[in-house]
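K.L.:
Compute the structure for the input listed below.
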Amino acid sequence: MTPTTQKSTLLANELKEGLISHLMSAVKPKANRLDHDSPTLFDAFYALGARGWLIPKAPGHWQGLGLSGLDYQQFQQTIARCSGALAFLQTQHQSAASLLLASDNEALQQRYLPGMATGAQRLGVGFSQLRRRPAPLTARAVAGGYRLSGQVPWVTGAGLFTDFVGAAVLPDGQAVFGVLPLANQSTADGCLRVDAPMALAGMSATNTVSVALEDWFLGAAAVVGTRPAGWLEQRDRANPLSPLGLIFGCTEAGIDVLNAALIRREIDHAIAQQLTLKLAKLQRELPRVLALPDDAFAEKMALRGQAIGLMQTSAMAATVATSGAANAIAHPAQRVYRESLVFSVSGQTSAGAIATLNSLVIPLL
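P.N.:
Just a heads-up that it's a prediction; the model follows:
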């Protein structure tokens, strides 16, 4: 181990210990409330910010922690084990920071990034619509910027995030990304409307909304950048394992609830141990599969499907072991079951759906 690697490991261990301590004392005891009460969830988000933990992938000169790859997935996993809603909210904020980090708009970076680690600046994202055909949100170039019309179907964090990085499709198929307000606004020749939070089964406290734009002007100063046609599809293919931190964390949460239920009911069963061993196996496989070239896409997707299948099994096992109490909306087993639903379909593509369905079918054969 080189001195640099050793230092990085020590910093990662120190971070993990501090993160676990905070989560166990301030987050896990109220995880169910975080799932359905927005003010409580937002307070937990600010508490991460008070420790500088909101954009851990950003480099140090932007007040981030410089985490990458497996380190960031472990960070996500640690939070998701205690609260899927908090982990999901932090991930949206980090995604916005990552888009800004890749931008050539230095003024925009200077405006937002220094405060994003602490929550002084708070941004979400809204670009999953780039997977849809026809494009729900389109743009046309005008003097000084672009005019946007259509809808952003999914933006998480209304009431917390002041802005979000959205994406609209240009006539030539390229996508333009820009910072948009996450609040109702209108001008003499355009308007932006944020709908009421959706009634979602899982993580309702994250306040997911749709945003409608009518001839909304995106000035050059707010443009993050452009991406070629098919950019999101290429990104999906290059990074199919990026959600595994959240998925593994939810799996651990299910095993935690399962163990508590088995002990309470004095049920002697090996399922919790079997699930833990299977999770450890997938975690050992992850570094090897991550290092495979892009043409090993099928193997990467198979691992993702197995991870989702294991997460769903752990959530179901926790529900069954808990018995009728698991049907109560505020029970931990019910919360984890709903979190597994969200993480099963977040960022899903057709290939992702097939991989997950395969993981569900194989045990039946």
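K.L.:
alpha carbons only for contacts and neighbour counts from here, please
P.N.:
OK.
K.L.:
For residue 182, list the residues it contacts.
P.N.:
158, 161, 162, 163, 164, 194, 211 (Cα atoms under 8 Å, 6 or more residues apart in numbering).
K.L.:
what's the distance between it and residue 137?
P.N.:
16 Å (Cα to Cα, to the nearest Å).
K.L.:
returning to that earlier point: and of the contacts of residue 182, the nearest to residue 265?
P.N.:
Within these, the smallest distance to residue 265 is 40.6 Å, found for residue 158 (Cα to Cα).
K.L.:
Show me what that closest one bridges to in the sheet.
P.N.:
Beta-bridge pairing of residue 158 under DSSP bridges involves residue 161.
K.L.:
Now do the same for it: its pLDDT.
P.N.:
At residue 158, the pLDDT value in this model is 98.
K.L.:
So it sits against residue 209, correct?
P.N.:
Yes - here residue 158 reaches residue 209: they are 6.8 Å apart, a contact under Cα atoms under 8 Å.
K.L.:
Check the contact lists of the two and give me the overlap.
P.N.:
Going by Cα under 8 Å, 6+ apart, residues that sit against residue 158 and also against residue 209 are residue 197.
K.L.:
So for these two, which residue has more residues nearby?
P.N.:
The residue with more neighbours, out of residue 158 and residue 209, is residue 158; 24 against 20, by other Cα atoms under 10 Å.
K.L.:
so what's the more buried one up against?
P.N.:
Applying Cα under 8 Å, 6+ apart, we find residue 158 in contact with 182, 183, 197, 206, 207, 208, 209.
K.L.:
Name the residues of stretch 169-184 that come out as buried.
P.N.:
Residues 169, 170, 174, 175, 176, 177, 178, 179, 180, 181, 182, 183 are the ones in stretch 169-184 that count as buried (16 or more other Cα atoms under 10 Å).
K.L.:
By residue count, which helix of the protein is the longest?
P.N.:
helix 297-322 (DSSP state H).
K.L.:
Who are the packing partners of that helix?
P.N.:
Contact here means 3 or more Cα pairs under 8 Å, 6 or more residues apart in numbering; DSSP states H and E; on that basis helix 297-322 packs against helix 244-264, helix 271-290, helix 332-345, helix 350-361.
K.L.:
burial of residue 131, as a residue count?
P.N.:
17.
K.L.:
Kindly report the same for residue 349.
P.N.:
If we define neighbours as other Cα under 10 Å, then residue 349 has 15 of them.
K.L.:
Please report how far it lies from residue 240.
P.N.:
Counting by Cα to Cα, the gap from residue 349 to residue 240 is 10 Å.
K.L.:
Touching both of the two, which residues are there?
P.N.:
Residues touching both residue 349 and residue 240 (Cα under 8 Å, 6+ apart): none.
K.L.:
With distance to residue 85 and mean neighbour count added, can I get the helices and strands packed on helix 297-322 in TSV?
P.N.:
What follows is the helices and strands packed on helix 297-322, written out as TSV (distance: least, Cα to Cα, whole Å; neighbours: other Cα atoms under 10 Å):
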stretch	distance to residue 85	mean neighbour count
helix 244-264	10	24
helix 271-290	21	15
helix 332-345	8	24
helix 350-361	22	17
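K.L.:
Give me the distance between residue 138 and residue 172.
P.N.:
In this view, residue 138 and residue 172 are 11 Å apart by Cα to Cα.
K.L.:
for residue 302, same thing?
P.N.:
Counting by Cα to Cα, the separation of residue 302 from residue 172 is 34 Å.
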